[in-house]
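K.L.:
sequence-free structure coming up:
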């Protein structure tokens, strides 16, 4: 945690310096988004093998979003004074017990496989000019995800093929039964961005609410992002592990980068994957109601290509989980 304090102190120092620096700030994220007609992509593949190297618990998955600006479909603003976009997101993941070959032990997490498709409305308010180099903007995201968890999804078979393992011990006693799940997702982010000629800084506190059949929870946290040319870029969040996902950006030449740290605390009132299903009577474990997540990431971009890697720490999610885990997430981006 000492290193986290050092990085945070450095980030705050950069904010103070950027607020007093003299620079011509001509970038306007609102203008870029309002005039953009390109479909933007945000997503990542994640796995614990590229995190702490241990194959356990939330073992792997992927998330991919396609963001369609309102200008592709509408002649006028959907929300007056804001820029809006429509998002289609698909995702899937696997969660396993500690010992897959034994099928898990007593009070170990059950096997879970999940695939979901979500539709969302995203909006960005017109930035408020706070001072010569600083703006603030409210970003919102609201929508519904429809998913299926359990059999007959092929995710466990894919896992066995990738691991060259035919000894995963599945049974009705340790696998959550199949059922449809519908959830409402809401998120609000206030992004305060300071820009100089050479460096940008985003400080972005957020609140995320999930309610429905899959999960009932509320999370609050903050991300701090340092980099070049952050003004004209979208961001998203991976639901299962909380990884930050850099998205579409304004066309720009040359090399650019971004570095971030962040964290959040969540109150989990229900989690169908640990509670044995919504209507199904499946295996369940005693769940932790308060969970924390921390993350750090790096993006290297030479337009139109970018590579992204992040490391994400998740605290234990059920009572007898012996420790938290580190999960890595990677993304390769290319503008078509």
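P.N.:
Perfect, thanks for sending it. Everything numeric here is computed off the predicted structure, so don't read it as measured data. Numbers count the residues shown, from 1 in each chain.

K.L.:
what's the burial count for residue 232?
P.N.:
Counted with other Cβ atoms under 10 Å, the neighbours of residue 232 add up to 18. Where C-beta positions appear, they are placed from N, C-alpha and C, glycine not excepted.

K.L.:
and residue 136, bridged to which residues?
P.N.:
Applying DSSP bridges to residue 136 gives these bridge partners: residue 128, residue 192.

K.L.:
Going forward, the N-terminal residue is numbered 12.
P.N.:
Shifting the count to begin at 12 puts that one at residue 147.

K.L.:
Surely it is in contact with residue 203?
P.N.:
Yes. Judged on Cβ atoms under 8 Å, residue 147 makes contact with residue 203 at a distance of 4.8 Å.

K.L.:
out of the two, which sits in the busier spot?
P.N.:
Legend: neighbour count by other Cβ under 10 Å for residue 147 and residue 203, higher for residue 203 (17 against 14).

K.L.:
wait, doesn't residue 122 sit right on residue 108?
P.N.:
Yes. Assessed by Cβ under 8 Å, residue 122 is found in contact with residue 108 at 6.8 Å.

K.L.:
Please enumerate the shared neighbours of these two.
P.N.:
115, 185 (Cβ atoms under 8 Å, 6 or more residues apart in numbering).

K.L.:
Return the set of buried residues in stretch 251-258.
P.N.:
251, 252, 253, 254, 255, 256, 257, 258 (16 or more other Cβ atoms under 10 Å).

K.L.:
Using pLDDT, spot the least trustworthy of these.
P.N.:
Among the buried residues of stretch 251-258, residue 258 has the lowest pLDDT, at 89.

K.L.:
give the contact list for it.
P.N.:
Contacts of residue 258 by Cβ under 8 Å, 6+ apart are 51, 52, 53, 76, 78, 244, 245, 246, 247.

K.L.:
from those residues, which is closest to residue 217?
P.N.:
residue 246 (9.9 Å; Cβ to Cβ).

K.L.:
what's the closest one sitting at in phi/psi?
P.N.:
phi -140, psi 150 (degrees, to the nearest 10).

K.L.:
before we move on, which element is the closest residue in space to residue 254 that isn't next to it in sequence in?
P.N.:
Of all residues not flanking residue 254 in the chain, residue 340 sits nearest, at 4.2 Å (Cβ to Cβ, 6 or more residues apart in numbering). In this assignment (DSSP states H and E), residue 340 forms part of strand 336-345.

K.L.:
The nearest residue to residue 187 once chain neighbours are set aside in helix, strand or coil?
P.N.:
Of all residues not flanking residue 187 in the chain, residue 293 sits nearest, at 4.2 Å (Cβ to Cβ, 6+ apart). Judged by DSSP: H, G, I helix; E, B strand; the rest coil, the three-state class of residue 293 is coil.
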